[in-house]
Structure formats: structure tokens, C-alpha cells
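Participant: Just the structure for this:
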Amino acid sequence: MFDFFSSLLVSLLGERVTEVITYIILMITILLVCLIVRCIAEKIVIKFIERAIKRSQTKWDDILLHNKVFNRASNLLIPITMHLFSGSFPNPIPLWNKVIYVLTLLFTMLIIGAVLNAVDEIYREYEISKIRPIKGLLQVIKVVVFIIGGIVLIAVLVGESPMVLLGGIGAMTAVTSFIFKDAILGFVAGIQLSANDMVRIGDWIEMPQHSADGTVIDLSLTTVKVENFDKTITTVPAYSLVSDAFINWRGMQDTGGRRIMRSINIDANGVKLCDDEMIERFKKIFLIKDYISNKTKEIEKHNKINEFDLSVQVNGRRMTNLGVFRVYIGEYIKNNKNIRKDMTMMIRQLSATENGIPLQVYAFTNTVVWDEYEVIQADIFDHLYSVAPEFGLSVFQNPSGNDIRKAIENDN
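Facilitator: Numbering: from 1, shown residues only. Modelled structure (predicted):
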């Protein structure tokens with residue numbers, strides 16, 4: 001090919017400029033051939049592969065196609081074609097060979113990056129990916145590949161050994177560490193998160209300091225993406241999950257029970273000892289009738305043995321309406337079909353405050369679905385608010401403007 005162009009140009013321009021122009025024309029011709037080969041591969045071979053993959057039942061080949069692995073692999077035809085035509089030159093051209101090496105290395109790095117992306121996507125198809133995500137590890141491999149590739153590229157262009165450049169980079173370790181601080185911290189944090197099983201894709205986590213309260217949707221080398229319940233996305237640095245405190249609700253989801261820990265505040269002015277009329281009324285309440293009967297017998301026996309003067313109310317043992325109501329709440333919770341019986345369940349009286357006497361319900365629902373949990377909790381407290389007056393009690397509430405207006409009208 002070189003002799004053909006050379007003889008043609010000699011007859012036209014003479015021998016002086018013939019060789020230079022011949023080299024230029026030959027290079028342009030080879031590059032045009034490379035582009036034609038690449039176009040043939042893209043328009044014919046790649047299309048044929050696409051049709052074959054669409055007919056295939058396997059999914060991994062679709063993922064390889066989606067990540068353009070085959071398209072990037074076809075780019076290698078350009079340096080391969082250039083290398084095949086290198087023998088057309090009568091003398092080796094160092095710059096031409098450098099271009100071949102650079103293109104080969106560059107396209108190889110792009111192929112490796114696409115393959116790693118495909119590997120991560122294929123891995124995500126398996127359940128274990130939620131427990132042991134590998135995206136951060138693959139990103140580290142990708143960074144290492146591009147760093148090494150970049151060093152080799154520079155070495156080829158400047159004509160030096162890669163080891164010489166590595167020695168120079170060693171002297172810049174401090175600067176490199178500063179530049180890639182987040183990547184290094186993220187990589188270390190990713191190992192800790194994975195090794196200690198601290199967070200998985202699909203976990204509900206809560207980090208108020210980062211305005212994150214939702215489901216983990218992505219774990220990468222440097223960041224953790226959280227889809228909040230209002231559908232906003234919060235991106236949290238991976239190392240923050242190691243250095244800062246956060247709540248992971250996975251334990252609640254795994255056990256299948258979500259905790260209720262809410263109080264009903266009772267007005268202290270309504271608390272009193274039970275008289276005979278109240279006890280008779282309480283005996284008619286189904287959930288506590290056995291308790292009232294047994295407790296009445298126990299108290300009567302105790303008071304009789306100790307010969308208390310019961311004409312004075314403070315003498316002896318007596319039931320209180322608050323205590324009976326607390327027992328009623330406990331029985332109501334025990335008989336609620338939506339409450340887990342195999343988990344902690346109790347009614348606690350907390351310290352009295354300026355807002356009354358808190359009776360706290362501490363129990364676990366048999367569902368972790370948010371809306372179902374809220375309905376169960378609301379139903380329980382709707383009932384408790386409505387039955388409190390049956391025990392001579394009232395729920396504490398700060399006076400509203402309407403209450404103050406009625407008080408003023410009554411005074412007048």
C-alpha cells in the first residue's frame with residue numbers, strides 16, 4: 001500500500017515531499033478503515049447480538065447489554081485494525097505505536113468499568129445483596145484500575161517506566177490521601193458496615209442529624225442513600241454511619257412486633273377511694289369482674305384480721321378508681337387480638353407532672369406495617385379516653401379559651 005501511494009505521488013510531486021505526504025495519506029486511510037470496521041461492528045454485529053440476547057431466557061446477558069459492555073468491547077477493533085496495518089509503513093513510527101497502546105489501554109479500562117457495573121447489577125438480583133452489598137468494593141476496584149491505567153498511560157506517553165512514576169506518586173501520598181479522603185473513609189466504613197452487619201439495603205434507619213428517616217436504597221463507596229417517608233432522598237456519608245449514632249429498625253421488623261409506648265394523663269383531682277357503690281358498678285365490667293370479686297374478698301379478710309376501724313376511710317386497705325382503671329387497661333390490652341402476647345406487656349404509672357398522672361401503655365403490636373400499627377394504637381387510646389369517666393376519672397387537658405369563657409360566664 002505504501003509503495004502504491006509513493007509511486008503515484010512521485011510522478012505528481014517529486015521525491016522530496018513524497019514520503020511525508022504518503023505517510024499522512026496512509027494514516028488517514030487506515031483511520032477511515034478503522035471507523036468503517038467500527039461502524040460495521042456496531043450496526044451489524046452488535047445488532048445481531050442484541051436480537052440474540054432478547055431471545056435468550058437468561059437475564060445476565062440483558063444486564064451486560066444494558067451496561068454497554070459489548071459496545072465498549074467493539075471499540076477495541078480500532079487499535080486492533082491500526083496494529084494490523086502497521087506493517088504497511090516501511091519504517092516503524094513510534095507515535096503511531098503509542099497511539100495504539102493508549103487506545104488499547106483506554107478502551108480496556110472502559111470495558112472493565114462496564115463489566116464491574118454489570119456485576120453489581122447482576123449481584124443485586126440475589127437476596128444476599130441486601131445483606132452483603134458489594135457496590136463499595138467494586139467501586140474501589142474501579143478506582144484502582146483507573147489509577148493504574150492512568151499511570152501506565154502517562155508512562156507510555158512520556159516514554160518512562162511506570163515504576164518511576166509510582167515512585168513519584170509515593171512522594172505525593174499525603175496529597176492523594178487528602179484528595180481521596182472521602183473515598184478512603186468510605187471504603188473503611190463500608191468494610192465495617194458489612195463486617196458488623198450494621199445496615200442493609202431495605203433497612204429503615206433514622207439519623208436526625210442528617211435529616212434521614214426512611215429506607216436505605218443504595219450503599220456505595222462514599223455514600224448511603226435513604227429514601228425518606230416523604231419520598232425525598234437523603235445522601236449520608238458512609239463513614240457517618242460508623243462515627244455517628246443512628247437507629248436501625250431492622251430488629252423491630254425481624255421480630256414482627258412494633259412497640260406501643262404512649263401515656264394517657266389522668267387528672268389527679270378525680271382520684272379517690274372506691275366506695276361500695278363504685279365497687280358494685282365495677283363488678284359489672286366484664287374484663288375486671290373476677291379481679292374485683294377476688295380483690296374485695298382479699299381486702300375484707302385483711303381488714304377483718306387487723307380489726308381496722310373502717311368508719312375512717314384512711315384505715316385499712318381500699319381500692320382506688322385509678323388502680324382499678326390501671327387493671328382494666330391491662331386486661332383490655334391482654335384481650336386485644338392485635339397485641340403480641342409473647343412480648344413485654346405492662347401498664348405503668350409514671351411520676352405525676354403538672355399535666356396529671358401518666359398511665360403508660362407498654363406493649364407490642366402483631367404487625368410492623370406503619371399504617372396498621374397506627375390504627376391499632378389509635379383504637380386502643382380512643383377506647384381508653386372514652387371509658388375513663390366510667391371509673392370516675394377524667395383525662396387531663398390544659399384549659400382552652402372556651403373553658404375560660406365558660407368559667408367567666410358562670411361567675412357572672
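Participant: Identify all contacting residues around stretch 30-41.
Facilitator: With Cβ atoms under 8 Å, 6 or more residues apart in numbering as the test, stretch 30-41 has contacts from 74-75, 77-78, 81-82, 85, 88. All C-beta spots, glycine's among them, are computed from the backbone N, C-alpha and C.
Participant: Could you dump these into a markdown table and include neighbour count, secondary structure and distance to residue 185?
Facilitator: Shown next, in a markdown table, are the contacts of stretch 30-41 (neighbours: other Cβ atoms under 10 Å; DSSP: H, G, I helix; E, B strand; the rest coil; distance: Cβ to Cβ, whole Å):
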| residue | neighbour count | secondary structure | distance to residue 185 |
| --- | --- | --- | --- |
| 74 | 21 | helix | 38 |
| 75 | 19 | coil | 35 |
| 77 | 19 | helix | 41 |
| 78 | 21 | helix | 39 |
| 81 | 19 | helix | 44 |
| 82 | 20 | helix | 42 |
| 85 | 17 | helix | 49 |
| 88 | 15 | helix | 53 |
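Participant: which one of those residues is nearest residue 151?
Facilitator: residue 75 (21.3 Å; Cβ to Cβ).
Participant: List the residues that contact the residue lying closest to that closest one once chain neighbours are set aside.
Facilitator: Using Cβ to Cβ, 6 or more residues apart in numbering and skipping residues adjacent in sequence, the residue nearest residue 75 is residue 107, 4.4 Å away. Counting by Cβ under 8 Å, 6+ apart, residue 107 touches 72, 75-76, 78-79.
Participant: one more time with 10 Å, if that's ok
Facilitator: Going by Cβ atoms under 10 Å, 6 or more residues apart in numbering, residue 107 touches 72-80.
Participant: for the record, mean pLDDT for stretch 154-165?
Facilitator: Averaged across stretch 154-165, the pLDDT comes to 70.
Participant: Next, the residue nearest to residue 75: secondary structure please.
Facilitator: helix (DSSP: H, G, I helix; E, B strand; the rest coil).
Participant: got a pLDDT number for it?
Facilitator: pLDDT, read off for residue 107, is 86.
Participant: where's it relative to residue 38, distance?
Facilitator: 11 Å (Cβ to Cβ, to the nearest Å).
Participant: Check the secondary structure at residue 133 for me.
Facilitator: Going by three-state DSSP: residue 133 is coil.
Participant: any low-confidence regions in the stretch 301-412 of the chain?
Facilitator: By pLDDT under 70, the weakly predicted segments of the stretch 301-412 of the chain are 403, 411-412.
Participant: Quick one: the helices in it, in order.
Facilitator: 321-334, 370-387, 401-411 (DSSP state H, counting those that start in this stretch).
Participant: how about those helices, which one is nearest residue 292?
Facilitator: helix 321-334 (7.3 Å).
Participant: tell me the angle of the closest one relative to helix 370-387?
Facilitator: 150 degrees (axes from the mean of the first three to the mean of the last three Cα atoms, to 10 degrees).
Participant: ok, and for helix 321-334, which residues are buried?
Facilitator: 321-333 (16 or more other Cβ atoms under 10 Å).
Participant: Serialize the residues you listed to JSON lines and add fields for distance to residue 250.
Facilitator: Formatted as JSON lines, the buried residues of helix 321-334 follow (distance: Cβ to Cβ, whole Å):
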{"residue": "321", "distance to residue 250": "42"}
{"residue": "322", "distance to residue 250": "39"}
{"residue": "323", "distance to residue 250": "39"}
{"residue": "324", "distance to residue 250": "40"}
{"residue": "325", "distance to residue 250": "37"}
{"residue": "326", "distance to residue 250": "34"}
{"residue": "327", "distance to residue 250": "35"}
{"residue": "328", "distance to residue 250": "35"}
{"residue": "329", "distance to residue 250": "30"}
{"residue": "330", "distance to residue 250": "30"}
{"residue": "331", "distance to residue 250": "33"}
{"residue": "332", "distance to residue 250": "31"}
{"residue": "333", "distance to residue 250": "26"}
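Participant: and which of the residues you listed is nearest to residue 315?
Facilitator: residue 323 (17.6 Å).
Participant: give the contact list for the closest one.
Facilitator: 271, 273-274, 295, 349, 391.
Participant: what ranges do the helices span in the stretch 1-150 of the chain?
Facilitator: Under DSSP H, counting those that start in this stretch, the stretch 1-150 of the chain gives helices at 2-13, 18-40, 46-55, 60-66, 69-74, 77-84, 94-123, 128-131, 135-158.
Participant: With residue 239 as the reference, name the closest of these.
Facilitator: Per Cβ to Cβ, nearest to residue 239 of these: helix 135-158, 11.4 Å.
Participant: Surely residue 200 is in contact with residue 132?
Facilitator: Yes: counting by Cβ atoms under 10 Å, residue 132 is a contact partner of residue 200 at 8.3 Å.
Participant: Who has more neighbours out of these two?
Facilitator: Ranked by neighbour count (other Cβ atoms under 10 Å), residue 200 and residue 132 place residue 200 first, with 19 against 13.
Participant: helix/strand/coil for that one?
Facilitator: coil.
Participant: Can you give me the pLDDT of it?
Facilitator: Residue 200 carries a pLDDT value of 83.
Participant: how much space between residue 78 and residue 303?
Facilitator: On the measure of Cβ to Cβ, residue 78 and residue 303 end up 103 Å apart.
Participant: before we move on, what about residue 153?
Facilitator: Counting by Cβ to Cβ, the gap from residue 153 to residue 303 is 97 Å.
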